[in-house]
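Novice: 3D, please:
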Amino acid sequence: MTIDKSLKIRAGMIRNRNVLTRAERLERLRATERWKEGDPVLGLPKVRVQKVTLKKKKKVKKQDEESK
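Specialist: So this is what the prediction gives:
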């Protein structure tokens, strides 16, 4: 049996996750200075997850000189 394309390990790294772990949320809150050392870890404010999208390159049509 073969593995479905969506279940391959490398596919998991490509997709964006919409839920962050507590450590990742704390890291982002520290960067924006919304959380400081000693603040409670429970009841953290929401952190927006930025989706990274890559623009597709337009294909350049090659003109064959042989066909002319």
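Novice: so who does the closest residue to Asn18 other than its chain neighbours touch?
Specialist: Of all residues not flanking Asn18 in the chain, Val49 sits nearest, at 5.7 Å (C-beta to C-beta, 6 or more residues apart in numbering). Any C-beta I mention is one placed from the backbone N, CA and C, and that applies to glycine too. Shown in contact with Val49 (C-beta atoms under 8 Å, 6 or more residues apart in numbering): 16-20.
Novice: where's Arg17 relative to Arg25, distance?
Specialist: Distance check for Arg17 against Arg25: by C-beta to C-beta, to the nearest Å, it reads 12 Å.
Novice: and Lys56, by the same measure?
Specialist: Using C-beta to C-beta, Lys56 is found at 32 Å from Arg25.
Novice: of the contacts of Val49, just say which sits nearest to Val60.
Specialist: Nearest to Val60, judged by C-beta to C-beta, of the contacts of Val49 is Asn16 at 29.3 Å.
Novice: neighbour count for Lys56 and Arg25, which is higher?
Specialist: The neighbour count for Lys56 versus Arg25, taken as other C-beta atoms under 10 Å, is higher for Arg25 (18 against 6).
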